[in-house]
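S.K.: From the sequence below, what's the structure:
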Amino acid sequence: DNAAPFELDQWENQTGDIVTGSAVGYDFITYPVNQSPFTNEKLRRGMTRLLPKSDVIEAVFGGYATELAAPISPGLGAFWDEEHEQNLLDEYVGQNEEEGLRLIGEAFEEEDIEAPFDISFITNVNRTRERWMEIIQQTMDETEYFNAELDVRSFDDLVPFLLDPEGAAASTDVVGIGWTGGSDPDGHINQLLHSSQHVPDGFNWNLYENEEMDQLITEGQTTLGTEERLPIYQDIQELVAQDVPMANMWTGDVIDVVNPANIESVDQWSPHPNASNRYNTLYKPHLDEVVYPSE
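M.R.: Numbering: from 1, shown residues only. As a prediction, this is how the structure comes out:
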């Protein structure tokens with residue numbers, strides 16, 4: 001079974017064993033960087049500093065998630081550096097309520113914005129995502145700066161809004177969604193952050209543009225070898241944390257509930273880091289292969 005992280009308690013007295021592993025996908029929110037007052041980096045950073053990530057990880061994910069500062073996730077193996085990630089959280093984007101409120105206040109003053117500012121937090125129908133987006137919406141609404149509401153849409157309605165240059169990019173609302181990314185770090189960054197990927201041709205739906213980011217992404221694509229590419233993607237991580245076009249939230253662990261009677265050893269079961277491929281070892285219709293439980 002593919003269980004929701006907040007429903008794992010139901011398996012405590014059942015036959016299933018919970019097996020977890022590192023994932024490549026991650027959740028994030030995007031800021032409309034070309035719309036006032038979000039053109040002010042202080043506002044984006046201030047809001048990011050208010051995000052109660054660790055509380056959400058416990059309340060919604062039951063602890064089965066890893067906090068992120070930028071788009072590289074633990075499932076990428078050698079490209080993941082826990083110490084580097086923590087440094088970015090501490091210096092730029094980790095939770096710090098006092099700092100967050102100070103930055104938002106300065107941004108409102110600089111942009112001549114009168115509080116409270118009306119804002120919607122938009123996401124798609126997804127039980128887990130709706131829960132954490134509601135916590136973020138409530139967090140912002142409890143400050144003096146925002147009149148925040150949650151806007152949950154069907155995925156079929158959300159995607160056209162994201163891909164329309166007059167949609168998410170032209171609004172003053174915040175979008176929360178997930179991104180799988182794949183097994184190479186380029187898949188976590190290029191389509192979302194390179195200027196050539198502006199919607200409708202790509203998935204850079206807030207029309208973010210930074211020449212240094214473009215150069216680093218291209219360098220990462222054209223450099224061979226993990227050791228040679230690692231510092232490039234660490235530079236990209238740092239630039240994302242400095243520029244804050246998005247707030248990377250966490251990567252939820254991949255979670256499988258396995259019936260130990262149907263496999264040789266639970267210890268040998270390893271969930272696929274890409275949730276889209278989680279059943280490939282059992283069922284591969286494109287290869288005409290099916291794996292049956294042992295008798």
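
S.K.: Any idea how far apart the tips of stretch 108-128 sit?
M.R.: With C-alpha to C-alpha, to the nearest Å as the measure, stretch 108-128 spans 32 Å from end to end.

S.K.: Stretch 70-86 now?
M.R.: This stretch, stretch 70-86, spans 11 Å end to end (C-alpha to C-alpha).

S.K.: Mind listing what's buried along it?
M.R.: Going by neighbour count (16 or more other C-beta atoms under 10 Å), the buried part of stretch 70-86 is A70, P71, I72, S73, P74, G75, L76, F79, W80, H84, E85. Glycine gets a C-beta too; all of them are placed from N, C-alpha and C.

S.K.: Pull the residues that contact it.
M.R.: Residues from elsewhere that reach stretch 70-86, judged by C-beta atoms under 8 Å, 6 or more residues apart in numbering: 21-26, 28, 66-69, 88, 93, 179, 181, 183-185, 188-189, 192-193, 226, 229-230, 233-234, 236-238, 240-241, 246, 248, 251, 254, 273-274.

S.K.: Give me the subset of the residues you listed lying in strands.
M.R.: G21, Y26, F28, T66, E67, W179, M246, N248, T251, V254 (DSSP state E).

S.K.: And the furthest pair within the residues you listed?
M.R.: Taking C-beta to C-beta, the two most distant members of the ones in strands among the contacts of stretch 70-86 are G21 and M246; they sit 24.9 Å apart.

S.K.: As CSV, the buried residues of stretch 70-86 with pLDDT, distance to F155 and secondary structure would be great.
M.R.: Shown next, in CSV, are the buried residues of stretch 70-86 (pLDDT from 0 to 100; distance: C-beta to C-beta, whole Å; DSSP: H, G, I helix; E, B strand; the rest coil):
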residue, pLDDT, distance to F155, secondary structure
A70, 97, 25, coil
P71, 96, 21, coil
I72, 94, 25, coil
S73, 91, 22, coil
P74, 89, 26, helix
G75, 87, 23, helix
L76, 88, 25, helix
F79, 94, 29, helix
W80, 92, 28, coil
H84, 97, 33, helix
E85, 96, 29, helix
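
S.K.: In JSON lines: these, plus distance to N124.
M.R.: Shown next, in JSON lines, are the buried residues of stretch 70-86 (distance: C-beta to C-beta, whole Å):
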{"residue": "A70", "distance to N124": "23"}
{"residue": "P71", "distance to N124": "19"}
{"residue": "I72", "distance to N124": "24"}
{"residue": "S73", "distance to N124": "20"}
{"residue": "P74", "distance to N124": "24"}
{"residue": "G75", "distance to N124": "22"}
{"residue": "L76", "distance to N124": "25"}
{"residue": "F79", "distance to N124": "28"}
{"residue": "W80", "distance to N124": "27"}
{"residue": "H84", "distance to N124": "31"}
{"residue": "E85", "distance to N124": "27"}
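
S.K.: Alright, that wraps it up for me.
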